[in-house]
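> Build the 3D model from these lines:
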Amino acid sequence: MMGIFSALILLVSVAAHAKIDIQPDTLYPKVEFDTNMGKIVVELDRTRAPRTVDNFLTYVVKGDYDNTLFHRVISEFVVQGGGLDPKFEELPAMEPVINESGNGLSNGLGTIAMARDNDPHSATRQFYFNVADNKKLDPSKRRWGYAVFGEVMEGMDVLEAMSLVPTENNQTLNWPDFPVTPIVLKKATLLPR
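Numbering: from 1, shown residues only. Below you'll find the model as predicted:
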């Protein structure tokens, strides 16, 4: 009996440390977002934002974005998600990723970028879609920007519909711009090569 128990512990330990496949050799991996409002497909740019793409794909492949909320919606600005579960609880994050905002990609309409705090190197799991040309979020000679790491290939109509939902100040979190009716990211999937 003890042998079976030891074997199970070893198996669980090996599985926990198994390397996840984030398609490290794919320069432009694609991810499908299956939301309760429709599907969005993004193409990521590992040539311009390799650390950011690897960080994002790690969350995707581990299923950490599944059943999360888009919690910040500002029409003609951004749709942000990736950090809250449906109970409005913040989800655990890995170590922050180095800011790759000086990579030549701009916060243009239909791009995906990393959300962060005032610290330029504080991005972890939250991301946002630009639903306008937000060049003011790009870096300048005096400040860091917000790292763009891909663009929407399919589903801009879904993203535009998301950007127009009614919002309110969420009483539980005291956060503004929170969708009145939850927008749920049911599943994020790294598409086959």
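> Stretch 123-142: how far from the chain's middle?
13 Å (CA atoms, centre = their mean, to the nearest Å).
> swap in stretch 73-83?
Offset of stretch 73-83 from its chain centre (CA atoms, centre = their mean): 11 Å.
> Need the nearest residue in space to the residue most central in space within the chain, chain neighbours excluded.
In the chain, the residue lying closest to the centroid (CA atoms, centre = their mean) is F127, at 3.9 Å. Nearest residue to F127, sequence neighbours excluded (CB to CB, 6 or more residues apart in numbering): G82, at 5.0 Å. No exception for glycine: its C-beta is placed from N, CA and C like everyone else's.
> do the same with P166
Nearest residue to P166 in three dimensions, chain neighbours excluded: V180, at 4.6 Å (CB to CB, 6+ apart).
> which intervals of the chain have sub-threshold pLDDT?
Within the chain, the ranges that satisfy pLDDT under 70 run 1-18.
> List the contacts of the residue nearest to F127.
Listed by CB atoms under 8 Å, 6 or more residues apart in numbering, the contact set of G82 reads 59, 65, 68, 115, 125-127, 185.
> Scan those and report the most crowded one.
The most crowded member of the contacts of G82, judged by other CB atoms under 10 Å, is F127 (28 neighbours).
> State the distance from that residue to K62.
Separation of F127 from K62 (CB to CB, to the nearest Å): 15 Å.
> Give the bridge partners for the residue nearest to the centre of the chain, please.
Legend: beta-bridge partners of F127 under DSSP bridges are G81, M114.
> Perfect, that will be all.
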